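Peer 1: just coords:
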């Protein structure tokens with residue numbers, strides 16, 4: 001049996017998450033190396049272990065708090081990011097304390113990593129958000145899509161598409177599976193016809209993707 005292919009929404013959402021996570025990781029590592037080198041002179045074994053531990057904790061905590069999976073407003077996402085970053089530091093220090101290594105790190109270095117690491121991540125999240133907005137503002141990057149079916153699932157799908165800028169999709173309307181539902185609409189998205197009208201609608205509106213709910 002061939003492997004199940006991910007939807008366009010899943011692929012682009014995963015790409016966005018991967019890019020953001022990679023930028024955050026590079027920023028934290030770069031800041032850590034700079035501060036350790038500036039204060040200590042070189043990356044010691046203890047600090048290298050600390051950095052590896054921090055990156056591991058970040059991966060778990062950020063996943064649990066859905067830092068990359070959520071599409072909240074920027075301020076709400078910033079708060080979520082700050083909470084996840086703070087919790088990650090707390091977990092890392094708890095592990096270091098239990099291992100008897102907490103006193104081996106400079107408070108100035110660790111404080112700098114915490115403050116500048118958080119500021120750098122907030123800036124990068126803002127930068128990615130701006131890039132997403134500019135991407136979807138370009139009409140040539142948007143593709144017309146059609147939704148087959150109605151109901152609660154269709155409404156959830158609209159919200160998912162609308163809150164994911166990387167998709168750059170324009171929902172033109174619905175196709176009803178029941179002729180009696182032609183007077184209805186969901187989320188101000190119009191009904192364009194019935195199942196038999198799909199070929200005509202695809203040609204007329206240059207439909208690039210169809211979601212079946």
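Peer 2: Nice, thanks for sending it over. Bear in mind the structure is a predicted one, so any value in this text is a computation, not a measurement. Numbering: from 1, shown residues only.
Peer 1: and the most centrally placed residue in the chain, which of the three is it?
Peer 2: In the chain, the centroid-proximal residue (CA atoms, centre = their mean) is residue 68; its distance is 3.6 Å. Under DSSP: H, G, I helix; E, B strand; the rest coil, residue 68 falls in the coil class.
Peer 1: Report the contact partners of it.
Peer 2: 16-17, 20-21, 62 (CB atoms under 8 Å, 6 or more residues apart in numbering). Any C-beta I mention is one placed from the backbone N, CA and C, and that applies to glycine too.
Peer 1: So for the residue lying closest to it once chain neighbours are set aside, what pLDDT did the model give?
Peer 2: Once flanking residues are discounted, residue 68 sits nearest to residue 17: 4.1 Å by CB to CB, 6 or more residues apart in numbering. In this prediction, residue 17 carries a pLDDT score of 81.
Peer 1: pretty sure residue 17 is touching residue 67, no?
Peer 2: No - if you go by CB atoms under 8 Å, residue 17 and residue 67 don't touch, sitting 9.1 Å apart.
Peer 1: Name the residue in these two with the higher neighbour count.
Peer 2: A direct count of neighbours by other CB atoms under 10 Å for residue 17 and residue 67 places residue 67 higher, at 22 against 15.
Peer 1: which strand is the longest one in the protein?
Peer 2: strand 169-176 (DSSP state E).
Peer 1: by contact count, what packs against it?
Peer 2: strand 143-148, helix 152-162, strand 191-194, helix 198-205 (3 or more CB pairs under 8 Å, 6 or more residues apart in numbering; DSSP states H and E).
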